[in-house]
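**Student:** how would this look folded up:
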Amino acid sequence: MSKQSKRDRQRENREARRQYEEALARRRRTFKTARLFAIFLVPVIAIGAYLSISAKDEKTGGAAAGACRDVKKPKPKDDTFAAAEPTITDTTKTYVAEVVMSCGSFTIQLAAAEALETVNSFAFLANEGFYDGLTFHRLVKDFVIQGGDPKGDGTGGPGYTVPDEPPTNGYQEGSVAMANSGAGTTGSQFFVVTTAEGAANLGGPPFLYSILGQVTEGFETVLRIEKLAKPDQQPKKIVVIDKVTVTEVGATAPSTTTTTSG
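**Tutor:** Below is the predicted model of the structure:
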């Protein structure tokens, strides 16, 4: 091999070595950057997830997804009223009720056009804070979850009754209706139908329970509560209503439910 060829080969080897070392350095820099990025990003993601969960928990009464927070059994209430004051009087408008609880929350579209006195009474009691702190005292698997009793044992009410306003077409999964102990005894207790089979078991026609509305959001919360049912229809865990808020859909001031006719 000539001296020139040997020098060319050495030069090629040096160039190949240089390119290899540069490529290796680039890989090291990329790895270091990715590691630093991961070290920075993981805490940011964790903080973001925590804040998101915290915000959701605040809205749902502190209940994380799929769980019910631990609460103490509340004392019975003795608040009573002579009658429900006019709160919702316009059947042409749409109203919803958000029920925030220790197990999450769900939303009811209220059936004002079909059962105005029932809906008005519910909205009145909600505005008065009557439902705050009450329990879901009766849970029946594949049937209903029931709450709204100030005594917590199925015997209480608001101190007045409203006329029966049963639905014209019966009940379905997600229907919300008022419990009673016979004709003309509708008070504050309400129940949510958890299955189509449960709706059929309510019987009718004639239908016996005043309709309040239909769950449109948060039905997973209803099912979460139903899972706490024991054979004796008592809850395995205390389920408490934190707040019921009734609002008019599309209203400029959603903090109030007071409306006027026309």
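
**Student:** CA only for contacts and neighbour counts going forward, please
**Tutor:** Fine.

**Student:** pretty sure Glu220 is in a helix, no?
**Tutor:** Yes. Checked against DSSP: H, G, I helix; E, B strand; the rest coil, Glu220 lies within a helix.

**Student:** now for this structure, the helix or strand with the poorest mean pLDDT.
**Tutor:** Lowest on mean pLDDT, DSSP states H and E among the helices and strands of the chain sits helix 3-59, with a mean of 66.

**Student:** that one: what's the following helix or strand?
**Tutor:** Later in the chain than helix 3-59, the nearest helix or strand by DSSP states H and E is strand 95-101.

**Student:** which other helices and strands does that following strand contact?
**Tutor:** Where contact means 3 or more CA pairs under 8 Å, 6 or more residues apart in numbering; DSSP states H and E, strand 95-101 is packed against strand 104-110, strand 241-248.

**Student:** average pLDDT for the last one?
**Tutor:** The predicted model assigns strand 241-248 a mean pLDDT of 98.

**Student:** which residues are contacting that strand?
**Tutor:** 61, 93-102, 123, 126-127, 129, 131-136, 254-257 (CA atoms under 8 Å, 6 or more residues apart in numbering).

**Student:** quick one: strands adjacent to it?
**Tutor:** strand 95-101 (antiparallel) (DSSP bridges).

**Student:** got the angle for the partner strand vs strand 104-110?
**Tutor:** Here the directions of strand 95-101 and strand 104-110 differ by 160 degrees (axes from the mean of the first three to the mean of the last three CA atoms, to 10 degrees).

**Student:** mind checking how far strand 95-101 is from the chain centre?
**Tutor:** 8 Å (CA atoms, centre = their mean, to the nearest Å).

**Student:** and it, average pLDDT?
**Tutor:** 98.

**Student:** contacts for that strand, please.
**Tutor:** Contacts for strand 95-101 (CA under 8 Å, 6+ apart): 59-61, 63, 105-112, 239-249.
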